[in-house]
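Colleague: return a 3D structure for these sequence lines:
(2 chains)
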Amino acid sequence: MNSAPAIAFQILQSVLVVLAAPLLMGWVNQCRAWLQNRSAPSVLLPYYTLAKLLHKDAVIARDASPLFRLTPYVLFGCMWLAAGIVPVLATGLPFAPAADIIALVGVFALARVFSALAAMDIGTSFGGLGARREMLIGFLAEPAMLMTLFTAAFISGSTQLATIVDTLAHREFAIYPSLAFAAVAFLMVLLAENARIPIDNPTTHLELTMVHEAMILEYSARHLALIEWAVAIKLFAYMTIGFAFFVPWGIAEAGNWAALPVALAALLAKLALAGAGLALLETLLAKLRLFLAPEFLSSAFLLGVLGMLIHFLVSG
Amino acid sequence: MTPVLPAIQLLPLAGAVPAWRAEVDAPRWRAGCEAAAGAGGRLAALWASDERDRGQGFCVRALLVLYEGLVCLELHLADATQTYPDLSDLFACATRMQRAAHDLVGVIPQGNSDRRKWLRHGAWPEGVFPLHRDFALASSFAPGDDHYPFVRVEGEGVHEIPVGPVHAGTIEPGHFRFSIVGEKVLRLEERLGYKHKGIEKRFESMTLEDGARLAGRVSGDSTVAYAWAYAMALEGMAGVRPSARALHLRALLLERERVANHLGDLGYLGNDCALTFGFTQFWRMKEDVLRSNARAFGHRYLMDRVVPGGVACDVDSASAQAMIAEALRLKDELRTLRSIYYNHAGLQDRCITTGRLLPLTAARLGIVGLAARASGHAIDARVHPGFAPYDELQPRIASHRNGDVAARIVVRFEEAFESLRLQRLILEHLPQGALRTPVGEAAEGAFGIGWIEGWRGEVLVALEAGRGGRVRRCHPHDPSWQNWPALEHAVIGNIVPDFPLINKSFNLSYAGADL
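Modeller: Residues are numbered from 1 along each chain as shown, chains lettered A, B, ... in the order given. Sure thing, here's the model as predicted:
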């Protein structure tokens, strides 16, 4: 299985995700600007921002421990690893058996723990505030995420992402009502986990309302660049997890070069649509009161559970 | 109709608004304020000045708003003592004004009120008072200690979040000390004064004519209100009445300032709920207003358009037609946006019951302006006493009882509609007359008061002429003095992430109150 072409596919996917993630961010921002009747910044703006940040000198708080310096690398690494596991372009990648969906959620959790610790490390009040809110959202989002993924896992009888995608993509077309519930739940988790409206506002400058931004207020230069990049990769990874489960069509098999152009085109089309959809959602919604976030995520959890129950009801 | 205060002889002040002044001693100062408070009066402003060069020691002035109009009580302190009866038990808003008066002049309220410094940070040492007449304008001191004892809240799980004076966004500086449990705000304490730049001291080195330009720069978002209030005070003491045309043009400028600021605030309120769509729409409309200001009057924010004796701009018929068309267009757009704001479940959920300031609290704190009207107090100087030309224009007051962020949004919408209506009314019936009436020299010691309802609330300017057409003392008073303490009350029991929204719904001035 781990043939040379498969390894080539793995490398191709990993590089593609890292390089294309800021483009997705740029696209979402561009769509948001259009929907708000603003003239949009270049779709390449996130790249320029990263380049700018990488050229700057990092300012680090006097009291920062090595954990604070280490965290951006951990975050970037975690997100890159996650992007390597998710079948973005192809199934049957060499990395895929290394982690199933439970481990994938674990990788995201690891990143969360590190960013929360780093936020508290320097001892500013905003870091603590952000970390506290992030953990509140995280501990509610993770079970909802697992429930969603389990629904798909039950359909295919495996927690391996590749198996799930293979089952869903290559089986004859069938409508799974349980997946509809799971898809809605997944969308809600995606918004919460990626610090998007209505849970968090990635463009706010109001320090008291921030969740994710409050945690990274003290970062600058290359550290901030890595974090911003990791955020983009995370959004990319989440979207591709969504595609893998709910619209897997068009995905290639590792080593099958002939299927690659179709897979690439399908991925591009899906990302363009999903990015525009995310921007539309963010334009229409206002941010929830912080204490409605638990209700939002409990609804996601409930929908995930409902999806699972319906699966048993229908199949049983 | 002269107001009645016990044993106080009131002398009428000439000018566009009904006002009286009286020199009182300490017992009558106290009794007069008690009678005013008992009659439902408010404290509009309190300030002190140095009159030692006239052999009168220090002087404390309290400006009271009674039903009949303004009453200015003047208490001269004997040379040896610098104490005067405290007013903070009668008027809660007096506390900070008394603290500022101490920092600047050194007069001490005799009572139980808060004695901590207010305007003085590390810029000048304790025991030095910048508004003393022997204090040189050019004095400078090494930056001193800026220790400030905040009130601590004790209890299990209580902790503090210090915010500011430097914020993540580009806004004015102010420090907010939150005492919180989890996300719930137990207490907020404001620490302002970071923008103190010695405006009152600067006035004393200016002529009455030049002072008008400085008055227009006390708080840039209310430049028309300040410039008009200053002009009103000066015209009152000089016995000049601007022509009907000049007054109508001033009202036009004031209403344009109101609309521009309300549009900007409505946009910001959407933005603070992450409804960026609202932000971009309202700010596009605000920008349209500012650009047509620049076209019609030569300045986007209308600075220096109101001058003593009249106005420094005119409106021809083409420009009037353009502004009427603009007002009609804005009205339609505003209607559409209002229905979007009112029907947006997410936005309404964020705003309803958030940051409630109950009518009773609002009355006790003596708050003014837009925030007072949103908390059930229909006070608006344009309506009562209704200075010219508003006595002819008959503006309709907008008010609401709920006192929450949503109520302040409603009042902003209603006032913006009313302002647009007034603009059309003014432009359609613009009377003829001189743009500027010459203002003769005011006699030394002449005293005048200006009282204008700006977009945020009532702006007051108390002006005293010195020798040779110079300013002896000028005290500009921003409505934010009254309303900042109300913000501390409005956030109690709310959650920390709702504070920016509540703060923005008041949108108070730092520059105007820090002077």
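
Colleague: contact residues of chain B facing chain A?
Modeller: B:160-163, B:167-170, B:183, B:270, B:272-277, B:279-281, B:284, B:344, B:346-347, B:349-350, B:495-500 (Cβ under 8 Å from any Cβ of the partner chain). Every C-beta, even on glycine, is put in place using the N, C-alpha and C of the backbone.

Colleague: in strands, which of those appear?
Modeller: The subset of the residues of chain B next to chain A located in strands under the criterion DSSP state E comprises B:Glu160, B:Ile161, B:Pro162, B:Val163.

Colleague: quick check on those residues: which are buried?
Modeller: B:Ile161, B:Val163 (16 or more other Cβ atoms under 10 Å in any protein chain shown).

Colleague: want to try JSON lines for the ones in strands among the residues of chain B next to chain A, with pLDDT as columns?
Modeller: Shown next, in JSON lines, are these (pLDDT from 0 to 100):
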{"residue": "B:Glu160", "pLDDT": "90"}
{"residue": "B:Ile161", "pLDDT": "89"}
{"residue": "B:Pro162", "pLDDT": "91"}
{"residue": "B:Val163", "pLDDT": "89"}
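
Colleague: out of the ones in strands among the residues of chain B next to chain A, which is nearest to chain A?
Modeller: Of all these, B:Ile161 has the smallest distance to chain A: 4.4 Å, by Cβ to the nearest Cβ.

Colleague: could you double-check that that closest one sits in contact with B:Phe178?
Modeller: Yes - here B:Ile161 reaches B:Phe178: they are 4.4 Å apart, a contact under Cβ atoms under 8 Å.

Colleague: joint contacts of the two?
Modeller: The contact sets of B:Ile161 and B:Phe178 overlap at B:Val496 (Cβ atoms under 8 Å, 6 or more residues apart in numbering or on different chains).

Colleague: show me what contacts A:Asn29?
Modeller: A:Ala40, A:Pro41, A:Leu45, A:Pro46, A:Ala279.

Colleague: quick revisit: write a ChimeraX command that selects only the buried members of the residues of chain B next to chain A.
Modeller: Selection of buried members from those for ChimeraX, criterion 16+ other Cβ under 10 Å:
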select /B:161,163,167,168,183,270,272,273,274,275,276,277,279,280,281,344,346,347,349,350,495,496,497,498,499,500
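
Colleague: which one is the residue of the stretch 51-200 of chain B found nearest chain A nearest to, not counting chain neighbours?
Modeller: Of all residues in the stretch 51-200 of chain B, B:Gly169 sits closest to chain A, at 3.5 Å by Cβ to the nearest Cβ. Nearest non-adjacent residue to B:Gly169, counting by Cβ to Cβ, 6 or more residues apart in numbering or on different chains: A:His205, 3.5 Å away.

Colleague: picking up where we left off before, please list only the buried members of the contacts of A:Asn29.
Modeller: So, by 16+ other Cβ under 10 Å, the buried ones in the contacts of A:Asn29 are A:Ala40, A:Pro46, A:Ala279.

Colleague: what's A:Gln278 sitting at in phi/psi?
Modeller: You called it Gln, but residue A:278 is Leu. When read as degrees, to the nearest 10, the backbone of A:Leu278 gives phi -60, psi -40.

Colleague: do you have the helices of the stretch 151-300 of chain B handy? List them.
Modeller: For the stretch 151-300 of chain B, the helices defined by DSSP state H, counting those that start in this stretch occupy B:199-203, B:208-215, B:223-238, B:244-272, B:276-297.

Colleague: just put those in TSV and tack on mean pLDDT.
Modeller: Below are these laid out as TSV (pLDDT from 0 to 100):
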stretch	mean pLDDT
helix B:199-203	94
helix B:208-215	94
helix B:223-238	94
helix B:244-272	95
helix B:276-297	94
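
Colleague: which residue packs closest to the closest residue to chain A within the stretch 301-450 of chain B, ignoring adjacent ones?
Modeller: Taking Cβ to the nearest Cβ, chain A has its nearest neighbour within the stretch 301-450 of chain B at B:Gly346, 3.3 Å off. The shortest distance from B:Gly346 to any non-neighbouring residue, by Cβ to Cβ, 6+ apart, is to A:Ala286 (3.3 Å).

Colleague: having no further points to raise, I will conclude here.
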